[in-house]
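Trainee: Sequence first, then the predicted structure:
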Amino acid sequence: MKIAICGKGGVGKSTISAFLINALASQGRRVLAIDADPSPHLARLLGFPADQVPEPVASMTELLQERTEREGAFYNMNPKVSDLPEKFLVKQDNISLMVLGAIQQGGAGCACAENAVLRNLLNMLLLSPDEDVILDMEAGVEHLGRGTIAATDHILVVVQPYRGSIETASRIKSLAADIGIKSLHIVANNVRDDEDMDFIEQETGIRPIVAFRTSDEVRRAERKGIPLSEAGDGFSRTAHELVKKLEEINAGQ
Ligand SMILES: Nc1ncnc2c1ncn2[C@@H]1O[C@H](COP(=O)(O)OP(=O)(O)OP(=O)(O)O)[C@@H](O)[C@H]1O
Ligand SMILES: [Mg+2]
């Protein structure tokens, strides 16, 4: 499965991405995690050593151009995950992490090149049945306008029980429909009670596929800077439930 996690800034995209990645990996699946946030955190949340940061995909543009000149269009070759150049990946057990990369300077222009690389990669990447790609997206809606994630199987929109996050979710929903995304789901986060769930359902018009509750363990782990895999809690159970639901949706498609 290729799954993109979107939503307003700070709603819990990276946290939920990390739990989803760990859940899939613990089921023996091989996961390509892509951190598409211009200020990437996923490596820390997944417990990759701080000195093991992959080269950002942004610099792949040059490499791809080189390869294309030498061997013909790389994008047309339907690369497998194992074909991806090693220097853009760090691996830990069955998780490989790729980082999209940040715009280095303020006012350095748009992230078009990075997004084009990501869009093509997602489009062409051939997955075997035991492989998944999880994309922790940049906050907001800009990447949807660029069609970066058009080739994903599922978009998960993380929503918290407050209006701002729901407004962003509605914009994501409408832009996703424009680029032909068929499987979009709302993931509720930081939920305390039924009232929170009802509010999200009422305002989005969609029953969330799963709900992650407010978690003291996650808050603590984040503050200590320790991997989220050590913040057990109900969070991990909900992540497994999310995997199961997505698999059911796939089976029904
Ligand atoms: N259910 C939860 N319970 C407690 N804390 C949470 C929960 N979900 C997220 N957090 C905390 O909220 C903060 C923001 O989460 P996170 O970084 O995952 O959001 P994000 O959407 O990826 O943010 P950004 O838009 O900056 O990338 C973090 O400190 C995280 O630990
Ligand atoms: Mg994030």
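Mentor: Good, I have the coordinates. Ligands and ions are numbered 1, 2, ... in the order given.
Trainee: Name the single longest helix found in this structure.
Mentor: Counting residues, the longest helix in the chain under DSSP state H turns out to be helix 235-252.
Trainee: Run through who's touching it.
Mentor: Applying C-beta atoms under 8 Å, 6 or more residues apart in numbering, the external contacts of helix 235-252 come out as 1, 3, 16, 19-20, 22-24, 27, 153-154, 156, 183, 187, 209-213, 215, 217-218, 228. C-beta: built from backbone N, CA, C; applies to glycine.
Trainee: Count the neighbours of residue 136 for me.
Mentor: Using other C-beta atoms under 10 Å, residue 136 is surrounded by 26 other residues.
Trainee: now the nearest residue to it once chain neighbours are set aside, what's its secondary structure?
Mentor: Ranked by C-beta to C-beta, 6 or more residues apart in numbering and with sequence neighbours excluded, the top spatial neighbour of residue 136 is residue 17, at 3.9 Å. Under the three-state scheme (DSSP: H, G, I helix; E, B strand; the rest coil), residue 17 adopts helix.
Trainee: unless I'm mixing things up, residue 17 is touching residue 6, no?
Mentor: No - with contact defined as C-beta atoms under 8 Å, residue 17 does not reach residue 6; the gap is 10.4 Å.
Trainee: Overlap in contacts, these two.
Mentor: Among the neighbours of residue 17, none is also in contact with residue 6 (C-beta under 8 Å, 6+ apart).
Trainee: Show me what counts as buried in the longest helix of the chain.
Mentor: Residues 235, 236, 238, 239, 240, 241, 242, 243, 246 are the ones in helix 235-252 that count as buried (16 or more other C-beta atoms under 10 Å).
Trainee: Does ligand 1 have contacts with it?
Mentor: No - using C-beta under 6 Å from any ligand atom, helix 235-252 stays clear of ligand 1, with a minimum separation of 6.9 Å.
Trainee: Helix or strand: which one has the closest residue to ligand 2 within the stretch 1-150 of the chain?
Mentor: When distances are taken as C-beta to the ion, the stretch 1-150 of the chain reaches nearest to ligand 2 at residue 14, 3.2 Å away. When elements are assigned from DSSP states H and E, residue 14 belongs to helix 13-26.
Trainee: and the angle for that helix with helix 235-252?
Mentor: 70 degrees (axes from the mean of the first three to the mean of the last three C-alpha atoms, to 10 degrees).
Trainee: For the residue of the stretch 51-200 of the chain found nearest ligand 1, give me its contacts.
Mentor: Residue nearest to ligand 1 within the stretch 51-200 of the chain (C-beta to the nearest ligand atom): residue 139, separated by 3.5 Å. Taking C-beta under 8 Å, 6+ apart as the definition of contact, the neighbours of residue 139 are 7, 8, 9, 10, 13, 37.
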